[in-house]
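Student: 3D model of this:
(one chain, ligands or ions: 2)
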Amino acid sequence: MKKYDYILIGSGPAAYKMSNLLAGTTRKVLVIDGGEFGGTCPNYGCEPKIFLEGATRAVLQSQQLLGRGIKQAAQIDWHDLMTTKLNRFNPWPAETKAIIAKSHDVEDGYAHFVDEKTVVVNGHEYRSDHIIIATGQHPNHLDIPGDQWTHTSTDVLSLPHLPQHVTFIGAGYVAMELATVLGAAGAAVTLIDHSDRPLKAFPAKKAAVVKKAMEERGIEFLFNTGVQAVQQQDEGFIVQTDHGEVPTDYVVDASGRRPNIEQLALDKAGVQFDRGGVIVNDHLQTSNPHVYAIGDVVSRPQAKLTPVAEFEGQYLFDYLEGHSAAAIEYPTIGTAAFTFPEIAAAGVTEDDVRENSAYQVKSFDLHYASLAAGQNDQSGRLTLVFKDDLLVGASEVGDYAADDINNFLPVIGLRITGEQYRQAVITIYPALADKIASSLN
Ligand SMILES: Cc1cc2nc3c(=O)[nH]c(=O)nc-3n(C[C@H](O)[C@H](O)[C@H](O)COP(=O)(O)OP(=O)(O)OC[C@H]3O[C@@H](n4cnc5c(N)ncnc54)[C@H](O)[C@@H]3O)c2cc1C
Ligand SMILES: NC(=O)c1ccc[n+]([C@@H]2O[C@H](COP(=O)([O-])OP(=O)(O)OC[C@H]3O[C@@H](n4cnc5c(N)ncnc54)[C@H](O)[C@@H]3O)[C@@H](O)[C@H]2O)c1
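Tutor: Ligands and ions are numbered 1, 2, ... in the order given. Model (predicted):
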């Protein structure tokens, strides 16, 4: 049986970060992945999604400027776009594995525990005092009649032919972003969600602005609607809902994501878990003192995002290598959905503090701003939340909301006052961050 200082199960952003940091030490490390090396974000998550968003934005921005100096909207050639995407992304898993293998041992295969300190991969046993679970999440699969016809976000991101009509089950991050891409490429799209609104991670009024913009482009929403079954027809499918039938050509189950814990045999290692994933203490240690967990697989309230996974990889490296004994403390986390317009938020939002007089909420219409006027972006609205004169949260809907909120994050995280900001910087004008100085108290 081979012994290691560290065994990392998974090679996504959480484990990749930690393996990179460990590459600078003399530790003996094994990195195991049963899927694509690099994990969700670079292979079937953020990266291919934002790659497709480039062409999507070109189409939707040119549509927005029709009759205002633009004569013809841009059009997506799906086959060309997908070929370009596959050429860029197909080599990544092998390249990532090769980078990791320069410093560490690697194993292709799914790992499971056989005791508190031992995992098995491809029939081989590996032992360590520090086993890190970084196995991420997978798309939820609704158990309904006809579920064999439903597809996942991973399928959409490599879809060879554009269907005429696509139905998404769900209206969260995944469905709203991919519906934006497929709609811009020319597919008719319907989103069905059993709740009463899209994008529940974001303030309700701003999510409603995104929904309205998508409806104006012909995208259909069915809320408070459950999906009962998917039936195959001679041509296409019928999605049966509580409120009638939706004929369609392609069904995507975007009803959420679940932690990758089933294959790990966690009971063999005495590692406790719940529906949200592996339970950890504030040092990311599980109920087994030799086993830790980082990234999306952790059961925690913070958003499941790549930078959060990487933050935990960095934290655990620092903690286990003796650089810090402090408990993990999450900084202000920014998040965005790359719809059109985008929606983004960080810290306390207006929905969190409604009718709480300890907070002051300031809102700004952005469509008069020079940048928005040039792009005919009528959607822009920024809201700032202050407590004791300090900025504690910001949210925005608008064509560049993600970058805009990123610009506000240091002000929130570093607790910079308006006066300090104005004394310290003169921003570039006219550009995204040019409104910060004037909008702070
Ligand atoms: C469509 C989509 C778009 C997204 N867009 C964004 C975005 O714009 N911004 C953002 O911040 N986040 C985004 N995310 C979320 C982001 O991808 C995740 O938060 C991030 O990848 C989590 O990293 P991780 O290392 O925890 O897990 P993962 O990246 O999921 O990696 C886990 C790895 O573990 C492997 N594995 C699982 N079980 C085993 C086992 N038993 N043995 C061995 N290996 C195993 C898997 O094969 C996988 O490679 C998106 C996700 C999706 C699905
Ligand atoms: N831009 C980004 O940062 C980004 C993009 C994609 C994914 N992600 C990450 O992935 C996570 C998962 O995203 P997601 O969109 O899969 O999940 P989600 O939780 O954001 O959305 C799932 C949606 O499906 C609906 N739903 C659930 N069961 C249903 C049912 N039976 N019938 C109808 N509707 C149903 C829910 O009401 C919800 O609106 C996100 O929370 C985020 O952490 C991030």
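Student: quick check: residue 361 is in a strand.
Tutor: Yes. Counting by DSSP: H, G, I helix; E, B strand; the rest coil, residue 361 is found in a strand.
Student: what's around the spatially closest residue to it that is not a sequence neighbour, how many residues?
Tutor: Ranked by Cβ to Cβ, 6 or more residues apart in numbering and with sequence neighbours excluded, the top spatial neighbour of residue 361 is residue 350, at 5.1 Å. Using the backbone N, CA and C atoms, a C-beta is placed for each residue, glycine as well. Counted with other Cβ atoms under 10 Å, the neighbours of residue 350 add up to 21.
Student: and for residue 65?
Tutor: 16.
Student: in this structure it contacts residue 378, no?
Tutor: No. Taking contacts as Cβ atoms under 8 Å, residue 65 lies outside contact range of residue 378: 11.9 Å.
Student: all the strands of the stretch 201-350 of the chain, residue numbers only.
Tutor: 220-222, 227-232, 237-241, 244-248, 250-253, 257-259, 273-274, 277-278, 291-293, 334-337, 342-347 (DSSP state E, counting those that start in this stretch).
Student: out of those strands, flag the one nearest residue 92.
Tutor: With Cβ to Cβ, the closest approach to residue 92 among the strands of the stretch 201-350 of the chain belongs to strand 257-259: 20.8 Å.
Student: about what we covered before: now the phi/psi pair for the residue nearest to residue 361, please.
Tutor: phi -60, psi -30 (degrees, to the nearest 10).
Student: likewise for residue 386?
Tutor: Dihedral angles (degrees, to the nearest 10) for residue 386: phi -110, psi 150.
Student: which secondary element of the chain has the worst mean pLDDT?
Tutor: helix 370-375 (a mean of 90; mean pLDDT, DSSP states H and E).
Student: about what we covered before: tabulate the strands of the stretch 201-350 of the chain in a markdown table, adding columns for distance to ligand 2.
Tutor: Shown next, in a markdown table, are the strands of the stretch 201-350 of the chain (distance: least, Cβ to the nearest ligand atom, whole Å):
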| stretch | distance to ligand 2 |
| --- | --- |
| strand 220-222 | 9 |
| strand 227-232 | 5 |
| strand 237-241 | 9 |
| strand 244-248 | 12 |
| strand 250-253 | 9 |
| strand 257-259 | 4 |
| strand 273-274 | 17 |
| strand 277-278 | 12 |
| strand 291-293 | 16 |
| strand 334-337 | 5 |
| strand 342-347 | 9 |
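Student: redo those strands as a markdown table? Include mean neighbour count.
Tutor: Putting the strands of the stretch 201-350 of the chain into a markdown table (neighbours: other Cβ atoms under 10 Å) gives the following:
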| stretch | mean neighbour count |
| --- | --- |
| strand 220-222 | 18 |
| strand 227-232 | 17 |
| strand 237-241 | 20 |
| strand 244-248 | 16 |
| strand 250-253 | 25 |
| strand 257-259 | 20 |
| strand 273-274 | 16 |
| strand 277-278 | 26 |
| strand 291-293 | 28 |
| strand 334-337 | 22 |
| strand 342-347 | 25 |
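Student: would a markdown table of the ones you listed with mean pLDDT and distance to ligand 1 be doable?
Tutor: Output for the strands of the stretch 201-350 of the chain, formatted as a markdown table (pLDDT from 0 to 100; distance: least, Cβ to the nearest ligand atom, whole Å):
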| stretch | mean pLDDT | distance to ligand 1 |
| --- | --- | --- |
| strand 220-222 | 98 | 19 |
| strand 227-232 | 98 | 20 |
| strand 237-241 | 98 | 21 |
| strand 244-248 | 97 | 20 |
| strand 250-253 | 98 | 11 |
| strand 257-259 | 98 | 7 |
| strand 273-274 | 98 | 13 |
| strand 277-278 | 98 | 10 |
| strand 291-293 | 98 | 9 |
| strand 334-337 | 98 | 7 |
| strand 342-347 | 98 | 11 |
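Student: okay if I get those as JSON lines plus distance to residue 13?
Tutor: What follows is the strands of the stretch 201-350 of the chain, written out as JSON lines (distance: least, Cβ to Cβ, whole Å):
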{"stretch": "strand 220-222", "distance to residue 13": "31"}
{"stretch": "strand 227-232", "distance to residue 13": "31"}
{"stretch": "strand 237-241", "distance to residue 13": "34"}
{"stretch": "strand 244-248", "distance to residue 13": "33"}
{"stretch": "strand 250-253", "distance to residue 13": "24"}
{"stretch": "strand 257-259", "distance to residue 13": "15"}
{"stretch": "strand 273-274", "distance to residue 13": "21"}
{"stretch": "strand 277-278", "distance to residue 13": "16"}
{"stretch": "strand 291-293", "distance to residue 13": "14"}
{"stretch": "strand 334-337", "distance to residue 13": "15"}
{"stretch": "strand 342-347", "distance to residue 13": "19"}
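Student: number of nearby residues for the closest residue to ligand 2 within the stretch 51-200 of the chain?
Tutor: Using Cβ to the nearest ligand atom, the single residue of the stretch 51-200 of the chain nearest to ligand 2 is residue 172, 1.9 Å away. Using other Cβ under 10 Å, residue 172 has 20 other residues around it.
Student: these two touch, right, it and residue 253?
Tutor: No. Look at residue 172 against residue 253 with Cβ under 8 Å: they stay out of range, at 11.7 Å.
Student: contacts only, for residue 42.
Tutor: By Cβ atoms under 8 Å, 6 or more residues apart in numbering, the contact list for residue 42 reads 89, 92, 96.
Student: by neighbours, which of those wins?
Tutor: Going by other Cβ under 10 Å, residue 96 tops the contacts of residue 42 with 21 neighbours.
Student: if you tally nearby residues, what's the number for residue 66?
Tutor: Count around residue 66 with other Cβ under 10 Å applied: 12.
Student: got the contact list for the residue of the stretch 301-441 of the chain found nearest ligand 2?
Tutor: The minimum distance from the stretch 301-441 of the chain to ligand 2, using Cβ to the nearest ligand atom, falls at residue 304 (3.7 Å). The neighbours of residue 304, taking Cβ under 8 Å, 6+ apart as the test, are 137, 257, 295, 296.
Student: go with 10 Å
Tutor: 40, 136-137, 173, 257, 259, 276-277, 295-298, 335 (Cβ atoms under 10 Å, 6 or more residues apart in numbering).
Student: and those residues, which is closest to residue 150?
Tutor: Nearest to residue 150 among these, with distances taken as Cβ to Cβ, is residue 257, at 14.5 Å.
Student: which pLDDT value does the model give the residue most central in space within the chain?
Tutor: By Cα atoms, centre = their mean, the chain has its centre lying nearest to residue 305, at 4.9 Å. What the model reports as pLDDT for residue 305 is 98.
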